[in-house]
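Colleague: model the structure of this input:
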Amino acid sequence: MGAALVTAALLTSALSEELYFLGQREGDLHCLGSCSSCHDALQQLPRGRFEAASRHTDLSLRTAEEVQQWLSAPEVCDLLLMFPVDIQREAWSLAALPSEEYLSYRGATQETRRVVEQCEALQLLSIFTWQGAVRAPDLCSDTEEPQSCFLRARETALAALQRRWKELSRAHTERLRSNVLEVVLGRNDSVLALLGRANLALAQAQEKQSSEGKTSLVFLASGASERVLSELALELGRTARLVVEHSRTVWGLKQLVLELSGVYPNIQSQLPTYRIQPFYGRHFDVLEALLSSLEEDKGPELRMAELGVACGPIGGSNNSEIRHGWRVPQVLG
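Modeller: Sure thing, here's the model as predicted:
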């Protein structure tokens, strides 16, 4: 009996160390298990609209080492793990596959492999970009013409990143022209559409390089980094996470269709087209963005149904109106 208890204790300790290493229980905003602690954590967030979401990747609050760790986090492209949403590793995603064998619809293995490959390509590119951003100030600080040095360093880095992205990206990518990703379950182009976000970020960085005659710096808690490259690195890091996040949503819908098809044979043809908002953040950040866009319409009072509310930290919270300033007379969980 004693030996069994010792063995169980060792296994528990090993599991705790593994979970700690993988970051599965860091931060208050993973909001798993205790609803009261989740609400307490949310009460500490900024009250202004989009302030909480903007803090996820606010460089002025972090050190270069923390940004590097966030970009290279091992959880990002692991489909069985939740990933850190913010650089502080306080807020985490809520979805993860329960096992490698969970998805059983036709083509699931190929789809998951493709998503992991594209996520890893984006993550690697974001790391390269950030390294170029933080090296530029060191390389140019002692030169007689630092502005010219910065421009050359940025131009060289962007050219190298473009070449690297073409090597890493195996699928055709095209510019994402809409803020909404439409998912039709009969097609498998959702990841392709999101990869357009990476192309757009690279194109915008190139445009800034061509139009701006000088460079500027972002001042971190531990130093400085080149602004254009820093912004590009963060956008690539966010995009890698969105590719995984939205892919999991699509896979969940496909798996649900498979499980219900025995009872409802025509369910796939009867389902609507799903619209996924590629707004970066946690579920409450996305809801905040959706409500803000709906508020622009001068229609009747807003009535909403929030499905899958868990602890209901937004829709079901008595403080949601105070926090956001919206009049939401009826909220259903």
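
Colleague: going forward, measure contacts and count neighbours with C-alpha atoms only.
Modeller: Will do.

Colleague: quick one: distance of whichever strand or helix holds G252 to the chain centre.
Modeller: Element membership for G252 (DSSP states H and E) is helix 227-260. Distance, stretch centre to chain centre, for helix 227-260: 7 Å (Cα atoms, centre = their mean, to the nearest Å).

Colleague: which helices and strands sit right next to it?
Modeller: Identification of packing neighbours for helix 227-260 by 3 or more Cα pairs under 8 Å, 6 or more residues apart in numbering; DSSP states H and E yields helix 108-140, helix 146-168, helix 190-211, strand 217-220, helix 267-270.

Colleague: relative to helix 108-140, how tilted is that helix?
Modeller: Using axes from the mean of the first three to the mean of the last three Cα atoms, to 10 degrees, one finds that helix 227-260 and helix 108-140 are set 170 degrees apart in direction.

Colleague: list the buried residues of helix 227-260.
Modeller: 227-248, 250-251, 253-255, 257-258 (16 or more other Cα atoms under 10 Å).

Colleague: so it versus helix 190-211, what angle?
Modeller: Using the same axes, to 10 degrees: helix 227-260 against helix 190-211 is 170 degrees.

Colleague: wait, a helix at Y280?
Modeller: No. According to DSSP: H, G, I helix; E, B strand; the rest coil, Y280 belongs to no helix; its state is coil.

Colleague: that one contacts A289, correct?
Modeller: No. Checked against Cα atoms under 8 Å, the pair Y280 and A289 is beyond contact range at 9.7 Å.

Colleague: so what sits against both of these two?
Modeller: Between them, Y280 and A289 share no contacting residue under Cα atoms under 8 Å, 6 or more residues apart in numbering.

Colleague: how about the helices and strands packed on helix 227-260 in JSON lines, adding mean pLDDT and distance to A96?
Modeller: Compiled in JSON lines, the helices and strands packed on helix 227-260 are given as follows (pLDDT from 0 to 100; distance: least, Cα to Cα, whole Å):
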{"stretch": "helix 108-140", "mean pLDDT": "89", "distance to A96": "12"}
{"stretch": "helix 146-168", "mean pLDDT": "83", "distance to A96": "25"}
{"stretch": "helix 190-211", "mean pLDDT": "75", "distance to A96": "17"}
{"stretch": "strand 217-220", "mean pLDDT": "86", "distance to A96": "32"}
{"stretch": "helix 267-270", "mean pLDDT": "83", "distance to A96": "24"}
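
Colleague: out of those, which gets nearest to R55?
Modeller: For R55, the closest of the helices and strands packed on helix 227-260 is strand 217-220, at 13.8 Å, according to Cα to Cα.

Colleague: quick one on the thing from earlier: okay, the helices and strands packed on helix 227-260 in TSV with distance to V67 and mean neighbour count next?
Modeller: Converted to TSV, the helices and strands packed on helix 227-260 look like this (distance: least, Cα to Cα, whole Å; neighbours: other Cα atoms under 10 Å):
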stretch	distance to V67	mean neighbour count
helix 108-140	8	19
helix 146-168	18	16
helix 190-211	18	18
strand 217-220	10	17
helix 267-270	42	13
